[in-house]
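# need a 3D model of the following:
(one chain, ligands or ions: 1)
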Amino acid sequence: APVVGVLALQGGVVEHMRAAESLGARAVKVRAPEDLQALDALILPGGESSTVDRLCRTFGLFEPLRDAIRGGLPTLGTCAGLIMLSSQIEDPAPGQQSLGVLDVTVNRNAFGSQVASEEVALDWLAPDPASGAEGATVRAAFIRAPEVTRTGEGVEVLARHRGAVVAVRQGSVLGISFHPELTGDTTLHRTLLDAVG
Ligand code: GLN
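So this is what the prediction gives:
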(Lines give C-alpha, C1' and ligand atoms only; values in the text may rest on other atoms or scores of the structure.)
Protein backbone atom coordinates (compact mmCIF):
# COMPACT_ATOMS: atom_id res chain seq x y z
CA ALA A 1 0.00 0.00 0.00
CA PRO A 2 1.24 3.52 -0.69
CA VAL A 3 2.38 5.40 2.40
CA VAL A 4 0.83 8.85 2.86
CA GLY A 5 2.41 11.21 5.37
CA VAL A 6 0.22 13.82 7.03
CA LEU A 7 2.02 16.81 8.55
CA ALA A 8 0.89 16.51 12.15
CA LEU A 9 1.94 19.72 13.87
CA GLN A 10 -1.46 21.42 14.10
CA GLY A 11 -4.86 21.31 12.41
CA GLY A 12 -7.03 18.65 10.76
CA VAL A 13 -4.70 15.64 10.81
CA VAL A 14 -6.90 12.66 11.71
CA GLU A 15 -9.56 13.33 9.05
CA HIS A 16 -6.90 13.22 6.32
CA MET A 17 -5.41 10.02 7.72
CA ARG A 18 -8.87 8.42 7.66
CA ALA A 19 -9.53 9.60 4.09
CA ALA A 20 -6.20 8.15 2.89
CA GLU A 21 -6.82 4.88 4.77
CA SER A 22 -10.33 4.59 3.30
CA LEU A 23 -8.61 4.39 -0.11
CA GLY A 24 -6.29 1.58 0.98
CA ALA A 25 -3.23 3.72 1.74
CA ARG A 26 -1.21 3.58 4.96
CA ALA A 27 -1.26 6.94 6.74
CA VAL A 28 1.58 8.09 8.99
CA LYS A 29 2.12 11.28 10.97
CA VAL A 30 4.97 13.56 9.97
CA ARG A 31 6.51 15.40 12.94
CA ALA A 32 10.24 15.14 12.27
CA PRO A 33 12.48 15.19 9.17
CA GLU A 34 13.07 11.41 9.31
CA ASP A 35 9.30 10.85 9.01
CA LEU A 36 9.56 12.10 5.40
CA GLN A 37 11.86 9.32 4.29
CA ALA A 38 9.66 6.44 3.24
CA LEU A 39 6.67 8.42 1.94
CA ASP A 40 4.88 7.98 -1.38
CA ALA A 41 2.74 11.10 -0.90
CA LEU A 42 2.29 13.95 1.55
CA ILE A 43 -0.65 15.97 2.90
CA LEU A 44 -0.34 19.39 4.50
CA PRO A 45 -3.66 19.85 6.37
CA GLY A 46 -5.63 22.97 7.22
CA GLY A 47 -5.16 24.83 10.44
CA GLU A 48 -3.51 28.19 10.93
CA SER A 49 -0.73 28.74 8.45
CA SER A 50 1.47 31.07 10.49
CA THR A 51 1.37 28.58 13.39
CA VAL A 52 2.20 25.67 11.07
CA ASP A 53 5.05 27.70 9.56
CA ARG A 54 6.46 28.51 13.01
CA LEU A 55 6.18 24.89 14.19
CA CYS A 56 7.82 23.63 10.97
CA ARG A 57 10.81 25.79 11.66
CA THR A 58 10.87 24.85 15.37
CA PHE A 59 10.91 21.13 14.49
CA GLY A 60 13.50 21.53 11.72
CA LEU A 61 10.96 20.50 9.09
CA PHE A 62 10.86 23.59 6.88
CA GLU A 63 13.82 22.81 4.58
CA PRO A 64 13.28 19.01 4.56
CA LEU A 65 9.63 19.52 3.55
CA ARG A 66 10.58 21.98 0.83
CA ASP A 67 13.28 19.67 -0.51
CA ALA A 68 11.03 16.59 -0.49
CA ILE A 69 8.25 18.41 -2.38
CA ARG A 70 10.69 19.97 -4.86
CA GLY A 71 12.13 16.50 -5.34
CA GLY A 72 8.75 15.33 -6.70
CA LEU A 73 6.93 13.87 -3.67
CA PRO A 74 3.23 14.09 -4.66
CA THR A 75 1.71 16.61 -2.24
CA LEU A 76 -1.76 17.90 -1.36
CA GLY A 77 -2.07 21.11 0.65
CA THR A 78 -5.48 22.10 1.97
CA CYS A 79 -6.31 25.60 3.21
CA ALA A 80 -3.43 26.51 5.56
CA GLY A 81 -1.49 23.77 3.69
CA LEU A 82 -2.07 25.63 0.40
CA ILE A 83 -0.76 28.80 2.04
CA MET A 84 2.34 26.85 3.18
CA LEU A 85 2.96 25.59 -0.38
CA SER A 86 2.59 29.02 -2.03
CA SER A 87 5.41 31.15 -3.35
CA GLN A 88 3.85 34.37 -2.05
CA ILE A 89 1.38 35.40 0.69
CA GLU A 90 -0.34 38.77 0.18
CA ASP A 91 -1.21 39.22 3.84
CA PRO A 92 1.35 37.24 5.86
CA ALA A 93 1.44 37.30 9.64
CA PRO A 94 4.58 39.07 10.92
CA GLY A 95 7.62 36.97 9.91
CA GLN A 96 5.49 34.31 8.21
CA GLN A 97 7.23 32.28 5.50
CA SER A 98 5.97 29.79 2.95
CA LEU A 99 7.69 26.88 1.23
CA GLY A 100 7.61 28.36 -2.29
CA VAL A 101 6.95 25.04 -4.04
CA LEU A 102 3.74 26.10 -5.82
CA ASP A 103 3.97 29.18 -8.02
CA VAL A 104 0.90 31.02 -6.78
CA THR A 105 0.10 34.07 -4.68
CA VAL A 106 -2.55 33.60 -1.98
CA ASN A 107 -4.67 35.89 0.11
CA ARG A 108 -4.88 34.09 3.47
CA ASN A 109 -8.27 35.23 4.61
CA ALA A 110 -9.93 36.13 1.32
CA PHE A 111 -13.25 34.51 2.10
CA GLY A 112 -13.36 35.95 5.60
CA SER A 113 -16.37 35.34 7.73
CA GLN A 114 -19.07 35.43 5.02
CA VAL A 115 -18.04 31.98 3.89
CA ALA A 116 -16.83 30.94 7.32
CA SER A 117 -18.39 27.49 7.30
CA GLU A 118 -20.00 27.16 3.91
CA GLU A 119 -20.31 23.76 2.28
CA VAL A 120 -20.70 23.81 -1.50
CA ALA A 121 -20.50 21.57 -4.57
CA LEU A 122 -17.67 22.83 -6.77
CA ASP A 123 -17.52 22.16 -10.50
CA TRP A 124 -14.31 20.19 -10.93
CA LEU A 125 -12.38 21.17 -14.05
CA ALA A 126 -10.13 18.07 -14.20
CA PRO A 127 -11.25 14.56 -15.13
CA ASP A 128 -12.07 12.23 -12.26
CA PRO A 129 -8.85 10.28 -11.51
CA ALA A 130 -10.65 6.94 -11.17
CA SER A 131 -13.12 6.99 -14.07
CA GLY A 132 -11.63 9.68 -16.31
CA ALA A 133 -15.10 11.26 -16.40
CA GLU A 134 -15.39 15.01 -16.89
CA GLY A 135 -17.89 17.28 -15.17
CA ALA A 136 -17.58 15.95 -11.64
CA THR A 137 -18.38 18.06 -8.61
CA VAL A 138 -16.41 18.12 -5.36
CA ARG A 139 -18.08 18.73 -2.01
CA ALA A 140 -16.04 21.39 -0.28
CA ALA A 141 -16.15 23.02 3.15
CA PHE A 142 -14.74 26.55 3.28
CA ILE A 143 -13.40 27.64 6.67
CA ARG A 144 -11.69 31.07 6.74
CA ALA A 145 -10.45 29.98 3.35
CA PRO A 146 -7.64 31.54 1.32
CA GLU A 147 -7.97 32.50 -2.35
CA VAL A 148 -5.38 32.06 -5.09
CA THR A 149 -4.95 35.55 -6.54
CA ARG A 150 -2.15 34.79 -9.03
CA THR A 151 -1.17 31.60 -10.84
CA GLY A 152 2.28 31.27 -12.37
CA GLU A 153 3.14 29.56 -15.62
CA GLY A 154 2.42 25.84 -15.57
CA VAL A 155 -0.19 26.15 -12.81
CA GLU A 156 -3.48 24.53 -13.79
CA VAL A 157 -6.75 25.84 -12.29
CA LEU A 158 -8.93 22.93 -11.06
CA ALA A 159 -11.84 24.83 -9.47
CA ARG A 160 -13.28 28.27 -8.82
CA HIS A 161 -15.70 29.42 -6.15
CA ARG A 162 -17.56 32.74 -6.56
CA GLY A 163 -15.11 33.54 -9.35
CA ALA A 164 -12.03 33.00 -7.16
CA VAL A 165 -9.46 30.28 -7.87
CA VAL A 166 -9.70 27.71 -5.06
CA ALA A 167 -7.90 24.63 -6.47
CA VAL A 168 -4.69 24.39 -8.48
CA ARG A 169 -2.13 21.85 -9.62
CA GLN A 170 1.49 22.32 -10.66
CA GLY A 171 3.20 19.05 -11.53
CA SER A 172 2.87 16.75 -8.53
CA VAL A 173 1.69 19.54 -6.18
CA LEU A 174 -2.03 20.08 -5.51
CA GLY A 175 -3.25 23.08 -3.53
CA ILE A 176 -6.85 23.70 -2.51
CA SER A 177 -8.51 26.41 -0.40
CA PHE A 178 -11.12 24.18 1.15
CA HIS A 179 -11.50 21.07 3.31
CA PRO A 180 -12.60 17.95 1.43
CA GLU A 181 -11.79 15.76 4.44
CA LEU A 182 -14.73 17.28 6.36
CA THR A 183 -17.35 16.45 3.73
CA GLY A 184 -16.29 12.85 3.09
CA ASP A 185 -15.34 13.69 -0.51
CA THR A 186 -12.22 11.71 -1.49
CA THR A 187 -11.70 13.13 -5.00
CA LEU A 188 -8.63 15.04 -3.89
CA HIS A 189 -7.13 12.09 -2.00
CA ARG A 190 -7.73 9.89 -5.06
CA THR A 191 -6.08 12.52 -7.26
CA LEU A 192 -3.09 12.59 -4.89
CA LEU A 193 -2.78 8.78 -4.86
CA ASP A 194 -3.16 8.73 -8.64
CA ALA A 195 0.00 10.85 -8.85
CA VAL A 196 1.92 8.17 -6.90
CA GLY A 197 1.80 6.10 -10.08
N1 GLN B 1 -6.81 31.45 6.90
C2 GLN B 1 -6.13 30.44 7.65
C3 GLN B 1 -4.63 30.68 7.70
O4 GLN B 1 -4.14 31.74 7.56
C5 GLN B 1 -6.37 29.06 7.06
C6 GLN B 1 -7.67 28.52 7.58
C7 GLN B 1 -7.80 27.03 7.42
O8 GLN B 1 -6.85 26.26 7.22
N9 GLN B 1 -9.03 26.58 7.55
O10 GLN B 1 -3.90 29.74 7.91
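
# what about the helices in the protein?
Ranges of helices in the chain, per DSSP state H, are 13-22, 49-58, 62-70, 80-85, 187-194.

# how about stretch 52-63: buried residues?
The neighbour-count check on stretch 52-63 (16 or more other C-beta atoms under 10 Å) flags 52-56, 59, 61-62 as buried. (C-beta placed from N, C-alpha, C; glycine too.)

# overlap between the residues you listed and the residues near the ligand?
Near the ligand, judged by C-beta under 6 Å from any ligand atom, there are no entries from the buried residues of stretch 52-63.

# for these, give me TSV that also has pLDDT.
Formatted as TSV, these follow (pLDDT from 0 to 100):
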residue	pLDDT
52	97
53	97
54	97
55	97
56	97
59	96
61	98
62	98
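
# could you single out the nearest of those residues to residue 184?
residue 52 (23.8 Å; C-beta to C-beta).

# is the closest one in contact with residue 9, as I believe?
Yes: with contact defined as C-beta atoms under 8 Å, residue 52 counts as touching residue 9 (5.8 Å).

# what residue lies at the spatial centre of the protein?
residue 77 (1.3 Å; C-alpha atoms, centre = their mean).

# what's across from that one in the sheet?
For residue 77, the beta-bridge partners are residue 44, residue 175 (DSSP bridges).

# next one: the closest residue to residue 32 other than its chain neighbours from residue 48, what distance?
The shortest distance from residue 32 to any non-neighbouring residue, by C-beta to C-beta, 6 or more residues apart in numbering, is to residue 59 (6.3 Å). Using C-beta to C-beta, to the nearest Å, residue 59 is found at 16 Å from residue 48.

# tell me the one among the buried residues of stretch 52-63 nearest to the ligand.
Nearest to the ligand among the buried residues of stretch 52-63, counting by C-beta to the nearest ligand atom, is residue 52 at 7.2 Å.

# the closest one: what's it in contact with?
Applying C-beta atoms under 8 Å, 6 or more residues apart in numbering, we find residue 52 in contact with 7, 9-11, 44, 80-81, 84.

# what's the neighbour count on the closest residue to residue 186 other than its chain neighbours?
Counting by C-beta to C-beta, 6+ apart, residue 19 is the residue found nearest to residue 186 once chain neighbours are left out, at 5.5 Å. Close neighbours of residue 19, defined as other C-beta atoms under 10 Å, add up to 24.
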